[in-house]
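J.: got a sequence here, can you build the structure:
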Amino acid sequence: MAMERQAVIKDTHHRAVTALGYHPLRREVFAGFEDGFIKSWEAEGSKLVLTLSEHQGWVTDFLYWQEGKVMFSSSNDGIIIAWSTAGSVHDRIDIGFPIYTMAINLRRHQLICGFNGFMCVYNLDENRESGHMIQIQNPYVGREHSDIVKCIVCLESRVYSAGFDQKLVIYDSSSYPGNKGLNPVFRNPKAHDAGICCLSLVKDTENNTWLITGSFDKVVKIWSQDGKLTHRLDGFISTITDLCYVPKIKTLWVASGAPVAALYDPKSGDNVSDFIGTFQAEETEEKYQLQLMKYFPELNEVVASTSRRHLMIWKYNPSGCITALKCTHAVECLTYTRKVPILIFDGGSDGDAHKWERLQSNHFMYSKETFLSAEAKNKLAQLKNIKKEFGVGSSGRCMSAPISSHYSFSKPQPLRPTTQRHTKAALLKAQFVEYLDMLLLGSEDGNIFVWGFDDAAVNALRNMKPVGLPDLVKKYAVLLSTDSELLPDKSYDGHSDVVNHDSVTNRVAGFVCKNVLMGHTSCVTCLTLVGRESGYPTTYLLSSGWDRRICIWDLEKGVLHGTFSNTSPDVWGSEELACDGIVIDMDYSPTRNEFAYASSDKMVYIRRFSEKGSEMKLCNTLQGHDGEITQVKWNGPRNKWVTGSEDGTIRIWSGDGMSCEQVLNTHGPVTALCIDNTNSCIVAGVQNNIKVYDPENFKLVQTNIGHTDSIRSIVHVPERDQYVSGSWDSTLRIWNAYKPVTRKRKPKEDKRGSKSVHGGANNPNYLLDEDDIVLTL
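T.: Numbering: from 1, shown residues only. Sure, this is the predicted structure:
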């Protein structure tokens, strides 16, 4: 859900753009220029359609009148021209003074024009009974301003005006017949420190209404509809040349001498430019400053002019990125916690991890906390020193060289990975354990770092008591329940088992590296949980990677429980190897108590999980991919295994792995895979795009485009109906999850011929007569 650049019209005119407009019937974008020329382009194809030259001065404004089906254009030559739908002059109205702005008061059927030092209100005359489209005789003249009236907007019976005299005036239009005057109800003689050059009236979906002004003093101010200041936005590098509000993404766009627009949330007043990807890729490309800017709701487009006389067009994309979060590293892995507040974690190429939390003020901004690799390394050094001091060896089996497979004698020996000698080993896999509030990070150096909430800080926060608490408890004891912990005979009794404490308190305390699981000799690429909900007395973690070993960890004790062991008599010397190639991905099926792991040998192995590594029986193997298998996921609602490969296909297998039921061609290598937990759709990262496939008909139903490099991880956040993706382009991007279209029967007519329709003016139903159905979202 984002505004994405659709087109750039470079060959416009040899003079500067002075006005922008849109003709909804012709579906054309209009631009007026300094020399009086007017040009129009197709809204979809950006093809030049009309070139008009009726004005003799600057074209200052465009205004479309729906009832009269004409487009008004005004100029500082003192003439208003009404253009017909055919593009010809329908009426020429000589006002006699330079016109700087126009607005239509639909409730009063009036045209309001701004001049130098005054405003005029004209009655509209659709049938031209007075000889023109407007009645120019005896207009109402308002002289509240002392300089050019640059901006006028109307909302119901209210009229708002602002000008170069720094004034902001609110009027109430008269309602009794025969009177077309404006009654000033609010005056701010110094709304800005310089002339006001742009004014916009904003109404969002939550019935919030704001008045937004921009000025030559490089400041934008947000007012209530009654004229009370709510936010002041400053820090702009130049004069505010224009502004517009985009209701689809609820952001305010401000042009102020920069090649990109500054984006703000008008409700909170926060600058959200760094969290929206619309201009992130354009910051280094564009050289010319944005000047005029208009939003056209009929097209869901923003059209802007530049100092180079270009026209730039951005269009709303419902499948676009909601938020783009910049990281300091190439993102390798993602995970999140479902507890409130929802936290997103990423691990990257520099060994650091980030924690992201959405702010309460708006849905775009996230706070970021970095978990430094230095802290994890310090913890690792402490544990090694402790083991050395007590003469305890490594918790895992130490191997000086990789063990080769028993049936790969003819194959060349794989080289020992050297990545663990890097100063900063990348984090390749992330997993959050909800039951234990643990963040697990699998590293390139063969370690698994366990991050958790700082217990000392949590206890300190939990034990904080206000001064005078015993007296207050004694005074109001009658109001407390009998089991309240505040009563003297009640105290918090912690358990040795895992207790579901207040998640907010934990998150305030922060994360620390609490343990390091050392058992692998090379990159850890897989972390899979087998929890208590599967019937086991503790929480187990399965880990694997480039050393081809599968380790079983007891997370609640923080120790190595065991390793996979092949009991076949013909595997002497390589009992701990789980496959021929390196293990790339792994997932667990709680309904079948089986886990599957994908290998670079183009196979997926399915084994029965057991607490004893020697009893992990091989149930089946999945073969069929022509390339390295990069992803394997269990689709729980469908009871299927899903695999993705570098051969550009996704394969769907039966739960027992006996047959391949469907092959999906992705037209590119699959680099990430996720199962939508709401509708069981298959969400795949195909190079730098996200593709969503329907599990019923296996059709491509949604494509998300925005990343500029390979997508490495995708997670579904059902609590927010969002997908989160991490990429090598050093960004996290958040997208709206796919929602299937539901179909309802069209209401039948009763005997009196009336239809039973539940939709109203605010909730319309769109009827499809050809199939007799109603589509609703």
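
J.: and the contacts of the strand or helix carrying Gly347?
T.: Following DSSP states H and E, one finds Gly347 within strand 343-348. With CB atoms under 8 Å, 6 or more residues apart in numbering as the test, strand 343-348 has contacts from 327-337, 353-357, 366, 426-430, 432, 439, 441, 507, 713, 715, 717, 724, 726, 730, 732. For glycine as for every other residue, the C-beta is placed from the backbone atoms N, C-alpha and C.

J.: just the buried subset of these, written out for PyMOL, thanks.
T.: Only the buried entries of these go into this PyMOL selection, using 16 or more other CB atoms under 10 Å:
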select buried, resi 327+329+330+331+332+333+334+335+336+337+353+354+355+356+366+426+427+428+429+430+432+439+441+507+713+715+717+724+726+730+732
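
J.: and the strand holding Gly347, how far from the chain's centre?
T.: Counting by CA atoms, centre = their mean, to the nearest Å, strand 343-348 is centred 16 Å from the centre of its parent chain.

J.: show me the contact partners of the next helix or strand after it.
T.: Downstream of strand 343-348, the next assigned helix or strand under DSSP H and E is strand 353-358. Strand 353-358 has contacts (CB under 8 Å, 6+ apart) with 325, 327, 341-348, 365-371, 427, 430, 439, 441, 451, 507, 511, 732.

J.: strands along the stretch 501-650 of the chain, start to end?
T.: Ranges of strands within the stretch 501-650 of the chain are 511-518, 524-530, 540-545, 551-554, 559-563, 583-589, 594-599, 603-608, 618-623, 629-635, 640-645, 649-654, based on DSSP state E, counting those that start in this stretch.

J.: out of those strands, which gets nearest to Asn300?
T.: Counting by CB to CB, Asn300 lies closest to strand 649-654 out of those; the figure is 32.2 Å.

J.: now do the closest one: which elements does it pack against?
T.: If contacts are counted by 3 or more CB pairs under 8 Å, 6 or more residues apart in numbering; DSSP states H and E, strand 649-654 sits against strand 640-645, strand 660-665, strand 670-675, strand 682-686.

J.: report the mean per-residue pLDDT for that strand.
T.: Average pLDDT, strand 649-654: 96.

J.: run the chain-centre distance for that strand.
T.: Taking CA atoms, centre = their mean, one finds strand 649-654 lying 29 Å from the centre of the chain it belongs to.

J.: in its sheet, what does that strand sit against?
T.: In the sheet, strand 649-654 lines up against strand 640-645 (antiparallel), strand 660-665 (antiparallel) (DSSP bridges).

J.: and Lys429, what does it touch?
T.: Each residue near Lys429 by CB under 8 Å, 6+ apart is listed here: 332-333, 347, 440-442, 524-527.

J.: now with 6 Å?
T.: By CB atoms under 6 Å, 6 or more residues apart in numbering, Lys429 lies in contact with 333, 442, 525, 527.

J.: next: Met133.
T.: For Met133, the contact set (CB under 6 Å, 6+ apart) comprises 82, 91.

J.: phi, psi for it please.
T.: phi -70, psi -20 (degrees, to the nearest 10).

J.: please begin residue numbering at 353 from this point
T.: Sure, I'll start numbering at 353, so the last one becomes Met485.

J.: just send the helices and strands packed on strand 1001-1006 back as a markdown table, with mean pLDDT and distance to Cys549 too.
T.: Formatted as a markdown table, the helices and strands packed on strand 1001-1006 follow (pLDDT from 0 to 100; distance: least, CB to CB, whole Å):
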| stretch | mean pLDDT | distance to Cys549 |
| --- | --- | --- |
| strand 992-997 | 96 | 53 |
| strand 1012-1017 | 96 | 54 |
| strand 1022-1027 | 96 | 47 |
| strand 1034-1038 | 97 | 45 |
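
J.: out of these, nearest to Gly672?
T.: Closest among these, using CB to CB: strand 1034-1038, at 15.9 Å.

J.: can you list contacts of the closest one?
T.: Contact with strand 1034-1038 is made by 994, 996, 1002, 1018, 1020, 1022-1026, 1028, 1043-1045, 1063, 1066, as judged by CB under 6 Å, 6+ apart.

J.: may I ask which two of the residues you listed are separated the most?
T.: Greatest spatial distance among the contacts of strand 1034-1038 (CB to CB): Gly1020 and Asp1028, at 20.0 Å.

J.: any idea of the pLDDT on Leu970?
T.: On the pLDDT scale, Leu970 gets 93.

J.: how about stretch 717-737: buried residues?
T.: Buried, per 16+ other CB under 10 Å, within stretch 717-737: 717-718, 723, 725, 727-729, 731-732, 735.

J.: of all residues in the chain, which one is nearest the centre?
T.: The residue lying closest to the centre of the chain (CA atoms, centre = their mean) is Ile674, at 2.2 Å.
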